[in-house]
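Chemist: Below is the sequence, then the predicted model.
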Amino acid sequence: MSDGGVTRTLVALHGNFASARWWMDLRADPPAGWRVLAPDLPGFAGTPHAGRVSIETYADWVLDWLRAQTVTRPVLLGHSLGGAVALEVAARDPQALAGLVLAASAPLNGLVTPEENYPVLELLRTTPPLLEASLGALFPSRRPANFADLLTDGARMAATHYSGNARALAAWQVDAARLAGLPALVLGGELDPLITPEMVRAQAAALNVEATVLPGLGHGFPQEDPAAFRTLLGGFLRTLPTP
């Protein structure tokens, strides 16, 4: 919220096969009193990436990026893989954040991809119709208006990230006790087969909050129904104390 003309900052982190453009609607119409910043994580949408592909590496990058932007005590919003990155950042120093929003986030104990699925992940690199079908399946109620742009950005992900991100999510986990006291909003989509409603509720229970599962929506629910997402987000942000 705004206090004396000061605008607070929400930092939105995208998921796998994604980019900052996934937050186009939120950036165009942010909650009152807030600004929304949304970076492209390294190796996504054509950005460079060096070193290991891991959630910890992405978290290091986010912390450096926040310092470069001179952002202090933001609320972190993470979707899917971006949720794991947000959780990793938060666990390192919960007091450095004002809150945490997890949207279809990877579970706190990581996300294991079956070995038989890895060849399919690699096929996405060279088979555009398969990538389009895979991304399209994230939006069961409707594809967002900028789906073509999202698809373009997804296809520009670094070659190391196709299997690499799945391995990274399988190798990562965070202790919920490290997040004690940090205000959190945990959301999911009813029709999401990747981060199921059961996973979302377990995640919320571990953080001692109530889960909200949006009916009729899938993994990409913030983009399927941006107005409903913004309403839930705005309600949470209004509960946060003014700094």
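Modeler: Alright, I've got the coordinates.

Chemist: which residues does Val62 contact?
Modeler: Listed by Cβ atoms under 8 Å, 6 or more residues apart in numbering, the contact partners of Val62 are 11, 13, 39, 41, 85, 89. Where you see a C-beta, it was placed from the backbone N, CA and C, and this is true even at glycine.

Chemist: if I pick the fourth one, what's in contact with it?
Modeler: When you say that, I think you mean Leu41. By Cβ under 8 Å, 6+ apart, the contact list for Leu41 reads 13-14, 47, 58, 61-62, 82, 85.

Chemist: Rebuild those as CSV, extending it with secondary structure.
Modeler: As requested, the contacts of Leu41 are exported to CSV (DSSP: H, G, I helix; E, B strand; the rest coil):
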residue, secondary structure
Leu13, strand
His14, coil
Thr47, coil
Tyr58, helix
Trp61, helix
Val62, helix
Gly82, helix
Val85, helix
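
Chemist: out of the residues you listed, which are buried?
Modeler: Among the contacts of Leu41, those buried by neighbour count (16 or more other Cβ atoms under 10 Å) are 13-14, 47, 58, 61-62, 82, 85.

Chemist: quick revisit: so which of the contacts of Val62 would you say is closest to Arg143?
Modeler: Nearest to Arg143 out of the contacts of Val62 is Leu13 (Cβ to Cβ; 21.7 Å).

Chemist: Correct me if wrong: the closest one contacts Pro74.
Modeler: No. Applying Cβ atoms under 8 Å as the test, Leu13 and Pro74 come out as separate, 10.8 Å apart.

Chemist: Would you mind listing where this structure has pLDDT under the threshold?
Modeler: Scanning the chain with the threshold set as pLDDT under 70 gives 1-6.

Chemist: Geometrically speaking, which residue is the centre of it?
Modeler: Ranked by distance to the mean C-alpha position of the chain (Cα atoms, centre = their mean), the top residue is His79 at 1.8 Å.

Chemist: in the protein, which spans are helices?
Modeler: For the chain, the helices defined by DSSP state H occupy 24-28, 55-68, 81-92, 118-123, 128-136, 147-155, 161-171, 197-206, 221-224, 226-238.

Chemist: how far out from the middle of the chain is the fifth one?
Modeler: From the chain centre to the centre of helix 128-136 is a distance of 20 Å (Cα atoms, centre = their mean, to the nearest Å).

Chemist: show me what contacts Gly154?
Modeler: Counting by Cβ under 8 Å, 6+ apart, Gly154 touches 17-19, 131, 135.
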